[in-house]
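let me see the structure of the following:
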Amino acid sequence: MNIKEKLRDKTRDDLSKNLNLLNIKTNLAERGKLEEDIGKPTLSKGLGIINVNDTPIKWINIRRRPRGRNNFTYMIDYVIPDLNMKSKFEKIFSEYGNIYIRSKKRKSFPIFGKPLDLRWQVKTSTNPIKSKLDSTIKSDKFNYRIGFISRIFNDNSIKKTIMDTQDIEIRSYNEHNCWLIRIHADRNVELWKKFFNKIFKFKLKIVTRPSKEQWLCYQKIANEIISDNAPFFTQKNPVDLSSE
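Got it, this is the predicted structure:
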């Protein structure tokens, strides 16, 4: 093994091996595929794609981005192709652009506190409109109620998995006919978790080594997305859900 190979970041390799151990069939794609650039954040470096077989999540894109001195953040994107998304969400995409959803755990104490509840936020790429309570994207013209968002918000198994592991982002990329579920992981935190797990036999969750529970959660979200119908929208007398 040459020095370059020894120093190469093997996060993609480890993630693929971990999924194969969970009986999820994967293989490493050749580098340089166009899909590596979908949703690429500024200053991030791609580590390549993992192909996934027989699931609505067709590939996993892994990147890292500098975070302070001698550290960086991993971004793991579970990508869900959806050839019907433009027709289903045409009104939203034409008026507001892409959809962005994220979870945020409410803790008893910042950073290290115990998770108490899970909150969701929905917004669009070209408009600051936000909805924290449900699946409705509001505007002066329309209310858009999106079925899959409502089902994800109210699914207790999804809520429990995210509260036990890591917050997620769900992003649409209608220009590429796909959605992605994005997970963030701090490299130094991940290294410390691995150390404590190995030396002290802890069972800390490793973001770059998803559990079967996490994978099933992401699969469930993916199935909700691609099986959804067009959103219901109303033009007059929008309901103010902030008082509910």
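
identify the bridge partners of the nearest residue to residue 170 once chain neighbours are set aside.
Nearest non-adjacent residue to residue 170, counting by C-beta to C-beta, 6 or more residues apart in numbering: residue 101, 4.2 Å away. C-beta here means a position set from N, CA and C on the backbone, and glycine is covered the same way. Per DSSP bridges, the residues bridged to residue 101 are residue 122, residue 170.

tell me how many other residues crowd residue 114.
9 (other C-beta atoms under 10 Å).

OK, contacts around it?
Shown in contact with residue 114 (C-beta atoms under 8 Å, 6 or more residues apart in numbering): 107, 108.

quick check: it vs residue 57, distance?
30 Å (C-beta to C-beta, to the nearest Å).

go on, residue 155?
17 Å.

cool, residue 42 as well?
Counting by C-beta to C-beta, the gap from residue 42 to residue 57 is 25 Å.

more neighbours, these two?
Set residue 42 next to residue 57 and count neighbours by other C-beta under 10 Å: residue 57 wins out with 22 against 5.

name the element residue 94 belongs to?
Per DSSP states H and E, residue 94 falls inside helix 90-96.

and that helix, what's buried?
Applying a neighbour-count criterion of 16 or more other C-beta atoms under 10 Å, one finds 92, 93, 96 buried in helix 90-96.

do stretch 4-20 as well
By 16+ other C-beta under 10 Å, the buried positions in stretch 4-20 come out as 11, 12, 15, 16, 18, 19.

from what I see, the last one and residue 26 are in contact.
I take that to be residue 19. Yes: contact status for residue 19 versus residue 26: in contact at 4.9 Å, counting by C-beta atoms under 8 Å.

what residues are shared contacts of these two?
Common contact partners of residue 19 and residue 26 (C-beta under 8 Å, 6+ apart): 50, 52.

residue 180 - that's part of a strand, no?
Yes: assessed with DSSP: H, G, I helix; E, B strand; the rest coil, residue 180 lies in a strand.

now it. Nearest residue, chain neighbours left out?
residue 77 is the one closest to residue 180 (C-beta to C-beta, 6+ apart), at 4.4 Å.

that neighbour contacts residue 179, doesn't it?
No: using C-beta under 8 Å, residue 77 is not in contact with residue 179; the gap is 9.9 Å.

what about the closest residue in space to residue 161 that isn't next to it in sequence, how many neighbours?
Distances taken as C-beta to C-beta, 6+ apart place residue 217 nearest to residue 161, at 4.0 Å, with adjacent residues excluded. Residues near residue 217, counting by other C-beta under 10 Å, number 24.

got it, and residue 177?
With other C-beta under 10 Å as criterion, residue 177 counts 13.

with that, I have no additional questions.
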